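Engineer: please work out how this folds:
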Amino acid sequence: RVFMECAFGTFVFFMVFSCLNIITAIFVDNASMLKKVDEEAMLRETMKQQMSTMKDIENLFKKVSVADLSGNVALKGFKQQLADVRIQAIFKSVGIDTDAVGSDVLFELLDFEGDGRVGYAEFLKGIKELQGLARSVDIYRLRRQANITQKQVLKIAERVDEVAQIVSTHGMRRV
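Structural biologist: Model (predicted):
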């Protein structure tokens, strides 16, 4: 009889343990499904925000370039449009504080080609680059480029010194 009680107790223990294991598995499975649904919803929301931002940038360009029939923005027209509080609000909605930057500096940053006119592609690229705070990747890229430029300038300076030494010791000879 003692053996039967121990066997029954062991059976009950394993049955309860198995049931708890099954219930835990159901909770874990539901949690993983909810996580997947949440990730998909976050992805959709992110894509929706990106599309909305792109639409805002396109509308902003249309409003800023309204005075220019060529489809580009010149500094004069840009400054005139940027004086409008509504345009400033749109810039703020895409993450650019026009008060902090100033119209001349902002136009210079957007005019990547340096031709005094900003086309839609330049505008789009510039706005995307200027949105938000500087990331460590941006800072690292700038530091790396500055380092490369510094090395190039040092090489040029060394060559100039060499040429200056040759000229000072041999003088200028006409070929």
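
Engineer: name the residues that touch stretch 73-91?
Structural biologist: Contacts to stretch 73-91, defined as CB atoms under 8 Å, 6 or more residues apart in numbering, come from residues 56, 59-61, 63-68, 97-99, 103-104, 106-107, 110, 116-118, 123. Every C-beta, even on glycine, is put in place using the N, C-alpha and C of the backbone.

Engineer: for PyMOL, what selects the buried ones among those?
Structural biologist: In PyMOL syntax, the buried subset of those is picked out as below (16 or more other CB atoms under 10 Å):
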select buried, resi 60+61+64+65+68+98+103+106+107+110+117+118+123
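
Engineer: any idea which helix or strand carries Val37?
Structural biologist: Remark: Val37 resides in helix 2-64, with elements defined by DSSP states H and E.

Engineer: for the protein, which element, helix or strand, carries the lowest mean pLDDT?
Structural biologist: Least confident helix or strand, the chain: helix 98-101 with a mean of 80, by mean pLDDT, DSSP states H and E.

Engineer: the next helix or strand after the helix holding Val37 - what's its average pLDDT?
Structural biologist: As assigned by DSSP H and E, the chain's next helix or strand after helix 2-64 is strand 73-74. For strand 73-74, the mean pLDDT works out to 84.

Engineer: now do strand 73-74: distance to the chain's middle.
Structural biologist: Its chain's C-alpha centre and that of strand 73-74 lie 24 Å apart, by CA atoms, centre = their mean, to the nearest Å.

Engineer: partner strands of it, with direction?
Structural biologist: strand 117-118 (antiparallel) (DSSP bridges).

Engineer: can you give me how far the strand it pairs with is from the chain middle?
Structural biologist: Using CA atoms, centre = their mean, the offset of strand 117-118 from its chain centre is 22 Å.

Engineer: same thing with stretch 38-57?
Structural biologist: Worked out by CA atoms, centre = their mean, stretch 38-57 lies 14 Å from the chain centre.

Engineer: keeping just the C-alphas, turn that stretch into PDB.
Structural biologist: In PDB, the C-alpha atoms belonging to stretch 38-57 read as follows (Å, rounded to 0.1, in the frame of the first residue of the first chain):
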ATOM      1  CA  ASP A  38       4.200  44.400 -32.500                       C
ATOM      2  CA  GLU A  39       7.300  44.400 -34.700                       C
ATOM      3  CA  GLU A  40       5.200  44.400 -37.900                       C
ATOM      4  CA  ALA A  41       3.100  47.200 -36.500                       C
ATOM      5  CA  MET A  42       6.200  49.200 -35.600                       C
ATOM      6  CA  LEU A  43       7.600  48.600 -39.100                       C
ATOM      7  CA  ARG A  44       4.400  49.700 -40.700                       C
ATOM      8  CA  GLU A  45       4.300  52.800 -38.400                       C
ATOM      9  CA  THR A  46       8.000  53.600 -39.300                       C
ATOM     10  CA  MET A  47       7.300  53.300 -43.000                       C
ATOM     11  CA  LYS A  48       4.200  55.400 -42.600                       C
ATOM     12  CA  GLN A  49       6.200  58.100 -40.800                       C
ATOM     13  CA  GLN A  50       8.900  58.000 -43.500                       C
ATOM     14  CA  MET A  51       6.300  58.400 -46.200                       C
ATOM     15  CA  SER A  52       4.700  61.200 -44.300                       C
ATOM     16  CA  THR A  53       8.000  62.900 -43.900                       C
ATOM     17  CA  MET A  54       8.800  62.500 -47.600                       C
ATOM     18  CA  LYS A  55       5.500  64.100 -48.400                       C
ATOM     19  CA  ASP A  56       6.100  66.900 -46.000                       C
ATOM     20  CA  ILE A  57       9.600  67.500 -47.600                       C
END
